[in-house]
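>>> Sharing a model prediction with you, sequence too.
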Amino acid sequence: MAFHAEGVGRSKTPAQNRAEKESHVREGRAHATLVYDGAECVGWCQFGPVAELPRIKHRRAYEAGLGEEGAGGGGAGLPDWRITCFFVDRAYRRRGVASAGLDGALREIARLGGGTVESYPEDVAGRSVSASFLHNGTVALFESRGFTRSRSLGKHHWVVARTVSAVDASGRPREAPPPRP
């Protein structure tokens, strides 16, 4: 719930957060890909349109750079989609769960119409960082999927972006609509 408009807040219990998230899911206002090992869910990748996930970490730095050249894909403003959060069960870390979640999110974004996708991962190159704190994923994970860094959000966090093409239900690229006269 931290990235949804309501946030989590100190006055909310875990049960209230779970109930709010369930409400979002049932109403179609929450998107995520789930990663399973058999019947057990071992991780997920949360994504959604900006209106669904308006709260992001490093928001001041992000908003300060929106109008700058090169920000958000060439100063174009807000993306169509955000990837905001990964969770990987402790017993499954460093086993490809985040990669599987990201791949699933990108496939689902393509199925839902594609567009510009942004995320805000951490650059861990040359540093020792606990995997339990990598809720936004790593820059290397995103770069391995064709994302490029567009600007820094601080010492180790980056805005990364790429365009995802729309596909039909069979996974084939959708034909572009004819140009308007």
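Noted; the coordinates are in hand.
>>> pull the CA atoms of the worst-scoring helix or strand of the chain on mean pLDDT into PDB?
Taking mean pLDDT, DSSP states H and E as the measure, the helix or strand of the chain with the lowest value is helix 14-26, at a mean of 77. What follows is helix 14-26 as a C-alpha-only set of coordinates in PDB (Å, rounded to 0.1, in the frame of the first residue of the first chain):
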ATOM      1  CA  PRO A  14      -1.100  -4.600   9.100                       C
ATOM      2  CA  ALA A  15      -4.700  -6.000   8.900                       C
ATOM      3  CA  GLN A  16      -6.000  -2.600   7.700                       C
ATOM      4  CA  ASN A  17      -3.300  -2.400   5.000                       C
ATOM      5  CA  ARG A  18      -4.100  -6.000   3.900                       C
ATOM      6  CA  ALA A  19      -7.800  -5.200   3.700                       C
ATOM      7  CA  GLU A  20      -7.100  -2.000   1.600                       C
ATOM      8  CA  LYS A  21      -4.800  -3.900  -0.700                       C
ATOM      9  CA  GLU A  22      -7.400  -6.700  -1.200                       C
ATOM     10  CA  SER A  23     -10.000  -4.000  -2.000                       C
ATOM     11  CA  HIS A  24      -7.700  -2.500  -4.600                       C
ATOM     12  CA  VAL A  25      -7.100  -5.900  -6.200                       C
ATOM     13  CA  ARG A  26     -10.800  -6.800  -6.200                       C
END
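>>> report the longest strand in this structure, please.
Counting residues, the longest strand found in the chain (DSSP state E) is strand 40-49.
>>> Beyond the helix ranked longest in the chain, next helix or strand please.
Ranked by residue count and defined by DSSP state H, the top helix of the chain is helix 97-111. Using DSSP states H and E, the next helix or strand after helix 97-111 towards the C-terminus is strand 115-119.
>>> which residues sit in contact with Tyr62?
Listed by C-beta atoms under 8 Å, 6 or more residues apart in numbering, the contact partners of Tyr62 are Ile56, Tyr120, Leu153, Val159. From N, CA and C alone the C-beta is placed, and that goes for glycine too.
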